[in-house]
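Asks: what's the 3D shape of this:
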Amino acid sequence: MEALNLPRPAWMTEDLVLLEEQARRFIGAELAPETERWTEAGIMDRAAWTRLGGAGLLCAGIPEEYGGAGGTFAHEAVINREFALAGLDSIGAPLHSGIVAPYILRYGTEEQKQRWLPRLATGEMVGAIAMSEPGTGSDLQGVRATAKKSGNGYVLNGSKTFITNGQHANLIVVVAKTDPAKGSKGISLMVVETDDAAGFRRGRKLKKLGMDWADTSELFFEDVKLPAENLLGAEEGQGFVQLMTELPQERLIVATAAIGMIERALRLTVDYVKERKAFGKAVIEFQNTSFVLAECKTEATIAKVFHDHCVERHIKGELDTTTASMAKYWITDLQNKIVDRCLQLFGGYGYMDEYPISRMYRDARVQRIYAGTNEIMKLLIARSL
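Replies: Coordinates of the predicted model:
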């Protein structure tokens, strides 16, 4: 049963309904049963990537001529919501399909698109984007990694941290300075194919508060030689503009994950309080319980309607940075609030790791930090006043 009684949004076409059903079946049968084992191992199986590719759940928004499914961001949103509804909060596929692949599609040369996108769509290649560094987070202009001209190519040096898909990725888009003297106009995106990259080294898989099986990692680049054709696009110095242009989609992806978790938390909590007895009656019969859930459902409904509005605008190419920032900040704040209130209704069991709500509580926290902290989101919104 759906947690929110909402009609399907106007952008949810018949083919998207079929995709939703296909994704739900595949994720439920093939991936969800593996999450306990992946949690114990601390990482998802590498083979799961090719299984996702084989099921058509990677690069759904990439044109068919480049190996994708030929859809739009709506297809990505449908798949990503299904990941969240099934509790696959640690999965790196939304970043792979909705962030890395679009950088190549929108800014890559024809040769680059033909070379990399089909392999991302099948899962042969796993994508990552290396922005954050030990000394820089939201301040992308402050990156220290450099890609210096050398002969017919570049030499890449630097270190990155908090990189999603870091242990599995064999195609990494690296934010580096090709001309440090030019500030933001000296930033470029360099593509590293790690299988043949001497000087590339993966650091440790980082131990985190939540998202236990996400392979968030440190990465090191020590005199990594890159051919000229691994500069993303046709000219240097476009990296900062490319990053700023794509960030609204990244933030909408985060909001989609937040909505999915909110729906799952409400569904699980309503089921629990209907079954759990205290003082001779079901917990849901207490006024406090019903009022808390009434508030949560109301706020979640508002968030879902706003999210669907943002998806519709993005499909039309009309989603601006301010609105995307609103969605990311407000919905992830609400996600943390609702999960916390749901956990309280589970009582002591909500604090036990075997109950999904406790893991959601941990996993939700990072949503207010990555893709730009919520404080940065408020700063961006304030600039529009």
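
Asks: low pLDDT regions in the chain?
Replies: Counting by pLDDT under 70, the ranges of the chain that qualify are 1, 137-138.

Asks: how near is the nearest residue to residue 69 once chain neighbours are set aside to residue 233?
Replies: Spatial nearest neighbour of residue 69, excluding adjacent residues (CB to CB, 6 or more residues apart in numbering): residue 60 at 4.3 Å. (C-beta placed from N, C-alpha, C; glycine too.) Going from residue 60 to residue 233 by CB to CB, to the nearest Å gives 24 Å.

Asks: same check on residue 206?
Replies: From residue 206 across to residue 233, the span is 30 Å (CB to CB).

Asks: of those two, give the one with the bigger neighbour count.
Replies: The residue with more neighbours, out of residue 206 and residue 233, is residue 233; 18 against 14, by other CB atoms under 10 Å.

Asks: domain assignment for the protein?
Replies: Domain assignment for the chain by automatic domain parsing gives 14-125, 128-237, 241-382.

Asks: now those in CSV, with distance to residue 2?
Replies: Converted to CSV, the domains of the chain look like this (distance: least, CB to CB, whole Å):
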stretch, distance to residue 2
domain 14-125, 9
domain 128-237, 25
domain 241-382, 7
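
Asks: returning to what we had before: count the neighbours of the residue nearest to residue 69 for me.
Replies: Other residues within reach of residue 60, judged by other CB under 10 Å, total 25.

Asks: give me the three-state assignment for it.
Replies: Secondary structure assignment for residue 60 (DSSP: H, G, I helix; E, B strand; the rest coil): coil.

Asks: got the phi and psi for the closest residue to residue 320 other than its chain neighbours?
Replies: Of all residues not flanking residue 320 in the chain, residue 248 sits nearest, at 7.1 Å (CB to CB, 6+ apart). In terms of degrees, to the nearest 10, the main-chain angles of residue 248 are phi -60, psi -40.

Asks: check contacts around residue 248.
Replies: Contact partners of residue 248, counting by CB atoms under 8 Å, 6 or more residues apart in numbering, are 314, 319-321, 323-325.

Asks: repeat that with 6 Å
Replies: By CB atoms under 6 Å, 6 or more residues apart in numbering, the contact list for residue 248 reads 319, 321, 324.

Asks: now do residue 93
Replies: Neighbour list for residue 93: residue 52 [criterion: CB under 6 Å, 6+ apart].

Asks: now do it against residue 165, distance only.
Replies: 9 Å.

Asks: that older thread, most surrounded residue in the contacts of residue 248?
Replies: Within those, neighbour counts (other CB under 10 Å) peak at residue 324, which reaches 27 neighbours.

Asks: residues in contact with the helix or strand where that residue lies?
Replies: Assigned by DSSP states H and E, residue 324 belongs to helix 321-345. With contacts defined as CB under 6 Å, 6+ apart, helix 321-345 is touched by 248, 251-252, 254-255, 258, 261-262, 265, 269, 273, 289, 292, 296, 299, 303, 310, 350, 357, 360-361, 364, 367-368, 374, 377, 380-381, 384.

Asks: give me the buried subset of these.
Replies: Among those, those classed as buried by 16 or more other CB atoms under 10 Å are 248, 251-252, 254-255, 258, 261-262, 265, 269, 273, 289, 292, 296, 299, 303, 310, 350, 357, 360-361, 364, 367-368, 374, 377, 380-381.

Asks: returning to that earlier point: what's the closest of the domains of the chain to residue 6?
Replies: Between residue 6 and the domains of the chain, the tightest spacing by CB to CB is seen for domain 241-382, at 6.0 Å.

Asks: work out the gap between that closest one and the centre of the chain.
Replies: Distance of domain 241-382 from the chain centroid (CA atoms, centre = their mean, to the nearest Å) equals 14 Å.

Asks: on that earlier part again, so which of the domains of the chain is nearest residue 4?
Replies: Each of the domains of the chain has some distance to residue 4 by CB to CB; the shortest is domain 241-382, at 5.4 Å.

Asks: just the terminal-to-terminal distance for that closest one.
Replies: Terminal residues of domain 241-382 are spaced 21 Å apart (CA to CA, to the nearest Å).

Asks: relative to the centre of the chain, find the outermost residue for me.
Replies: residue 280 (43.6 Å; CA atoms, centre = their mean).

Asks: roughly how far apart are that one and residue 286?
Replies: 11 Å.

Asks: same check, this time on residue 98
Replies: Separation of residue 98 from residue 286 (CB to CB) stands at 41 Å.
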